[in-house]
Every structure is written in C-alpha cells, then in structure tokens.
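Asks: okay, here's the prediction I keep looking at, along with the sequence it came from:
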Amino acid sequence: MPRSCQYLLTSGLAVTSILFGAFSPALAEGAAEPSATALIEALITRREPVGGPFDLVDHTGGRRTDADFRGKLVVIYFGYTHCPDVCPTELQAISLALDELGMAADRVQPLFITVDPERDTPSVLADYVSSFHARLVALTGPAPAIQKVALAYRVFFAKSAVAGPDGYAVDHTGFIYLVGKDGRYIDFLPPGLAPERIVEALRLHLDRQTSP
Ligand code: NI
C-alpha cells in the first residue's frame, strides 16, 4: 500500500497495530499535534465533539460555509488530488452510492475537502471533481482554514517524507463523515466500504432524518 494513502481500519484490535504501523512518527514530516493516535481515538470514542463550522472556497472559486449545506445529509471525505489510489477509490465509491440512491441522492450533498491546499487550487479541484459525481463539491482554502476543519473532524494529515510519483505525498486518515441536515455530525464510516454498504448507511440516515 503506498504510504500516501495509508489509512486505518476500524475493526477491533486491528486499530492499534495498524495505527502505529501506518503512521510512523519518524517518517512524518511536520506532523502537527495532536497525533494521529489521539485524533482517531477521539473519533472512535466520541470523547470530544466532532465536526463544526467551516469557511472555504469551492472548485468554482466561490466561498462556501457549512451553513450552505443545511437541509442535506452531508457526506464529507478529506483527501488530496495527487493521491494515487485511495482517494479516487473512495470518491468513486461515494459517487456510485449516490447513483444507486436515485432520487434520494438529491437529499445528499457529497463534499471533498482537500488536505493539500498548496497544490489543490480551485481549478485543480474543478478538473478533479469532473471525474466523479456531478454533484460533488470540492473545497479548498487557506492552510489555517483547512487545518481547522481537519482538526474539527479529527482528520490526521501530514506531508510524507517519502515522495510520491507526482511530487510529495500526504499521509491522511480516510474516514467518510456524515453530517445531518441540521449541520450536526452524525457518524463516520470506515475506509474501504463497498458502495452498497455506503448506500445502506445513507438510506438509514436519510430515513432517520425524515422521521418525526
Ligand atoms: Ni488519499
């Protein structure tokens, strides 16, 4: 598995061993506190609130905040366009899941938030999202704004010391986040889910969101 996109499985005891295997602190350049371990533990244990407001720029260059997506079940994936395999695979799975949902997909808003704002400008993102679902919105912004939203969602990311085929790589966690139509974080989905499993999760939450 390329270092650029190593991520964590969330099943049972595998978590800890994969965690330390995937994110060798000695290899991570400029890794900021908190550590990947602390972030993932916070996510899994729900010890701290997850999610929150953001103020970013979309792939058309327009300003977008979290408030723009109220009323939709929001599906957020953090990654970067130079990611060789995992990010495209996850975005493809999300796109297929939305296709499978049919009309109900209108009530879902997929978002891709870059963890590589240095290279992922709006125009780069515009080109990238065209490969995926027509309603996918990609977001970038100043590095501090990206750091803030990543931290809010307990996303670990750090430039890798190991260069990828296309310049530097970025290690990052690869969970899919679900946010309710009221803007509140609902849950995360583990990386590597088949599109059918993503559809199941989306249907479940869409049903819950419409329940009285
Ligand atoms: Ni990736």
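Replies: Thanks, I have it.
Asks: show the pLDDT at R154.
Replies: According to the prediction, R154 has pLDDT 95.
Asks: surely it and R46 touch.
Replies: No. Applying Cβ atoms under 8 Å as the test, R154 and R46 come out as separate, 10.2 Å apart. All C-beta spots, glycine's among them, are computed from the backbone N, C-alpha and C.
Asks: quote the end-to-end distance of stretch 177-188.
Replies: One end of stretch 177-188 to the other measures 4 Å (Cα to Cα, to the nearest Å).
Asks: now stretch 97-117
Replies: 27 Å.
Asks: and it with the ion, contact?
Replies: No. Applying Cβ under 5 Å from the ion, one finds stretch 97-117 separated from the ion by no less than 8.4 Å.
Asks: now that stretch: mean pLDDT?
Replies: 97.
Asks: picking that back up, of R154 and R46, who's got more company?
Replies: R154 (24 against 11; other Cβ atoms under 10 Å).
Asks: what helix or strand does that one sit in?
Replies: Using DSSP states H and E, R154 falls within no helix or strand.
Asks: around the ion, which positions in this protein sit nearby?
Replies: C5, G79, C83, V86, C87.
Asks: where does the prediction get shaky in this structure?
Replies: Scanning the chain with the threshold set as pLDDT under 70 gives 1-33, 164, 211-212.
Asks: if we go to 90?
Replies: 1-35, 42, 46-48, 84-85, 160-167, 208-212 (pLDDT under 90).
Asks: what about the strands in it?
Replies: Counting by DSSP state E, the segments of the chain that form strands are 55-58, 63-65, 73-79, 108-114, 137-140, 157-164, 167-172, 176-179, 185-189.
Asks: make TSV from those and add mean neighbour count to it.
Replies: Shown next, in TSV, are these (neighbours: other Cβ atoms under 10 Å):
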stretch	mean neighbour count
strand 55-58	19
strand 63-65	14
strand 73-79	24
strand 108-114	25
strand 137-140	25
strand 157-164	18
strand 167-172	21
strand 176-179	23
strand 185-189	19
